[in-house]
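[1] let's see this in three dimensions:
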Amino acid sequence: MPATPSTARAINDRLALRLLQQEGPLTAGQLKQLTGLSRPTVADLVERLTAAGLITVVGESGEQRRGPNARLYGIVADRAHLAALDVRTEGVFVLVSDLVGRVLAEASVPIDGDTGTGPAVEQAVAAVERTAKEAGADRLHTVGIGAPGLIDPATGDLRDSGGLPEWHRSLSAALQHRLPEARVTVENETNLAAVAEQREGAARDRDTFVLLWLGHGVGAAVVLDGTLRRGASGGTGEIGFLPVPGTDALPSAKDCAGGFHSLTGAAAIGALAADHGLPVPATMDGPGAAAVVRGAVAAVQEVLGERGAVEKAPGEQGAAKEAAHAGEASGPSPAAPAATVPADHPAGRFLHTLAERIAVGAASVVAVLDPGCVVLGGEAGQAGGPVLASLVQERLRRMSPLRTEVRAGTLGGAAVLRGALLTARDRAQDELFAPADRT
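    As a prediction, the model looks like this:
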């Protein structure tokens, strides 16, 4: 059944807007080329979107002569402002952006563990309001929140989870009360990290993968055929509760102690490092775990260099540095051969043992889902880089018949905030870009 004229116009408009989001400002001629639409159709949609206040002329193309054909059209970025929050046990990170996702202001607010629920919520809400004011935003259209714990799929609310501060559960309602015109949504932090790694990080070329979060705590996010899977109760990926060998007890419904968390959480990484005589920061949170792993990798690389096991040409070194920048990877990181990591050095033994622990949890996920790719996300996953990823992959190869590539995440701890912004931007654009008769 052919589309009606109004449906066809809506489809064409969304296609053009999506291209302007992905590619940046474009001329009418470039829109014609990328969409495959006729020149009159493109002219009509440009006029229609301009009249709706969704796009505007933002400059001229240097490749074109002056005149209508040279005009560059872009999304009206200040049509709406968005906020993204990364809520953690010890505080909150906030950023405010325009409609295309350009960050205008950001802030971080520590919240002491002894702070009561009311004062803690007030600190977080006030931080959002201050950041919005700094960004020049009169009001916020959409607020995306990333938080640890289970999200109820029926209500979208953060469920009561043992060990998490009460103010986490109260924050969404408080923001909605204080910002009545805003659309406020909450998503599990690891799920948001997977969104960011797939859109801008290590999983850009994967429709199916599992992100294994290694930070203050542990978690997993599952993406199958391009779709984020949350499960019947919103608990897909609560891998910290996975019973594993090597712990003193079994996890319970309210406490993941004795589960995979006890092998690979930040505290466990710190204890493992101390057992191997490696320096351990005073605070073993996500950044602390990353510092331990990063130090071990650096020590191993130094040993390999002294032994002549690592010899890179200048061009290869430059390429490796470029690939290390967050958000710039379009595929897997270049793997360091696991066999070259020395087991006779304390840092090498630490990395071998940590990889063994990570592989125990990853093997369970692989056996059930067969994702083909596991991304080591979070602060510690990024810090381990291709060295830790190659060690985990080598152990998975021995533990599972299912071929699985292991990659280091490129966004680290910033992935949650980035994922929250991407989902807020998607929701705002879905609403603002919808045809007028559907809003």
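
[2] now tell me what touches stretch 110-121 from outside.
    Residues from elsewhere that reach stretch 110-121, judged by CB atoms under 8 Å, 6 or more residues apart in numbering: Thr89, Glu90, Gly91, Val92, Gln123, Ala124, Pro165, Glu166, Trp167, Ser170, Leu171, Ala174. (Each C-beta comes from the backbone N, C-alpha and C, glycine too.)

[3] export that stretch to PDB, keeping only CA atoms.
    Taking C-alpha atoms only, stretch 110-121 is exported to PDB below (Å, rounded to 0.1, in the frame of the first residue of the first chain):
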ATOM      1  CA  PRO A 110      30.100  15.400  45.700                       C
ATOM      2  CA  ILE A 111      27.400  14.100  48.200                       C
ATOM      3  CA  ASP A 112      28.600  12.700  51.400                       C
ATOM      4  CA  GLY A 113      27.300   9.300  52.400                       C
ATOM      5  CA  ASP A 114      26.100  10.700  55.700                       C
ATOM      6  CA  THR A 115      23.900  13.300  54.000                       C
ATOM      7  CA  GLY A 116      20.200  12.800  54.500                       C
ATOM      8  CA  THR A 117      17.900  12.000  51.700                       C
ATOM      9  CA  GLY A 118      16.300  15.500  51.500                       C
ATOM     10  CA  PRO A 119      19.500  17.500  51.600                       C
ATOM     11  CA  ALA A 120      21.200  15.100  49.100                       C
ATOM     12  CA  VAL A 121      18.300  15.400  46.600                       C
END
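
[4] and that stretch, what's buried?
    For stretch 110-121, burial by neighbour count (16 or more other CB atoms under 10 Å) applies to Ile111, Thr115, Ala120, Val121.

[5] returning to that earlier point: among the contacts of stretch 110-121, which pair sits farthest apart?
    Within those, Glu90 and Ala174 form the most distant pair, 18.7 Å apart (CB to CB).

[6] of these two, which one has the most company?
    Between Glu90 and Ala174, counting by other CB atoms under 10 Å, Ala174 is the more crowded of the two (18 against 13).

[7] so what's the more buried one closest to, chain neighbours aside?
    Distances taken as CB to CB, 6 or more residues apart in numbering put Val121 closest to Ala174, at 4.8 Å, once the chain neighbours are dropped.

[8] now swap in Ala132 and tell me
    In space, and not counting its chain neighbours, Ala132 is closest to Val96: 5.2 Å by CB to CB, 6+ apart.

[9] and for the one you found, the neighbour number?
    25.

[10] partners of the one helix or strand it maps to in the sheet?
    Per DSSP states H and E, Val96 falls inside strand 91-98. Neighbouring strands of strand 91-98 in its sheet, by DSSP bridges, are strand 81-88 (antiparallel), strand 103-110 (antiparallel).

[11] can you tell me which of those strands is most buried?
    strand 81-88 (a mean of 27; mean count of other CB atoms under 10 Å).

[12] one step back: go through the host helix or strand of the residue nearest to Ala174 and flag the buried ones.
    In this structure, Val121 is located in helix 117-134 according to DSSP H and E. Neighbour-count burial for helix 117-134, counted by 16+ other CB under 10 Å, picks out Ala120, Val121, Gln123, Ala124, Val125, Ala127, Val128, Glu129, Thr131, Ala132.

[13] now do stretch 220-235
    Neighbour count says stretch 220-235 has Ala220, Ala221, Val222, Val223, Leu228, Arg230, Gly234, Gly235 buried, by 16+ other CB under 10 Å.

[14] now those in CSV, with secondary structure and distance to Ala290?
    CSV is the format used below for the buried residues of stretch 220-235 (DSSP: H, G, I helix; E, B strand; the rest coil; distance: CB to CB, whole Å):
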residue, secondary structure, distance to Ala290
Ala220, strand, 18
Ala221, strand, 19
Val222, strand, 24
Val223, strand, 23
Leu228, strand, 25
Arg230, coil, 27
Gly234, coil, 27
Gly235, coil, 26
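
[15] CSV please, covering these and showing pLDDT.
    Shown next, in CSV, are the buried residues of stretch 220-235 (pLDDT from 0 to 100):
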residue, pLDDT
Ala220, 96
Ala221, 97
Val222, 97
Val223, 97
Leu228, 94
Arg230, 92
Gly234, 88
Gly235, 88
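
[16] return the member of the contacts of stretch 110-121 nearest to Ala355.
    The closest of the contacts of stretch 110-121 to Ala355 turns out to be Thr89 (CB to CB; 26.6 Å).

[17] need the contact list for Gly258.
    By CB under 8 Å, 6+ apart, the neighbours of Gly258 are Pro243, Thr247, Asp248, Ala249, Leu250, Pro251, Ser252.

[18] I'd say the first one and Gly259 touch.
    Yes - the pair Pro243 / Gly259 is scored as a contact, 6.0 Å apart, by CB atoms under 8 Å.

[19] all good on my end, thank you.
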